[in-house]
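Novice: Pasting the sequence and the predicted model now:
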Amino acid sequence: MSFLEICLYISLPLIIISVLISLFRLIVGPDIADRIVALDTMTSIGIAFMAAFGVFMRKTMALDVALILALISFLGTVSFAYYLERRNLQ
């Protein structure tokens, strides 16, 4: 077993644990801003999972999907921030 495989076998359970922690914050979050940050964190974790999966399976298409997910996540976060800013002005 190579060093890369050992690192991947360690990182994938840690990614799953971090998704569960972010899911807890998404459900329990006291404010909508906390929930938005938790959702953004979950998409970042999804990007990390797609990158680790792409390296593990030696597929470059998973990295392309991770890049598209990052772009969509960024646009979603910006739109939520704009919504919160507009809501606080009124």
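Specialist: Good, I have the coordinates. Numbers count the residues shown, from 1 in each chain.

Novice: what's the distance between the helix ranked longest in the chain and the middle of its chain?
Specialist: Ranked by residue count and defined by DSSP state H, the top helix of the chain is helix 61-89. With CA atoms, centre = their mean, to the nearest Å as the basis, helix 61-89 stands 11 Å off its chain's centre.

Novice: and stretch 66-85, what's its mean pLDDT?
Specialist: Per-residue pLDDT over stretch 66-85 has a mean of 90.

Novice: Can you give me the buried ones in it?
Specialist: Across stretch 66-85, burial judged by 16 or more other CB atoms under 10 Å covers 66, 69, 70, 73, 77, 80. Placement of C-beta: from N, CA and C, glycine included.

Novice: OK, contacts around the first one?
Specialist: Shown in contact with residue 66 (CB atoms under 8 Å, 6 or more residues apart in numbering): 46, 47, 50, 51, 54.

Novice: do residue 43 as well
Specialist: Applying CB under 8 Å, 6+ apart, the residues near residue 43 are 69, 70, 72, 73, 76.

Novice: measure the third one to residue 20 for me?
Specialist: Put plainly, it is residue 72. In this view, residue 72 and residue 20 are 23 Å apart by CB to CB, to the nearest Å.
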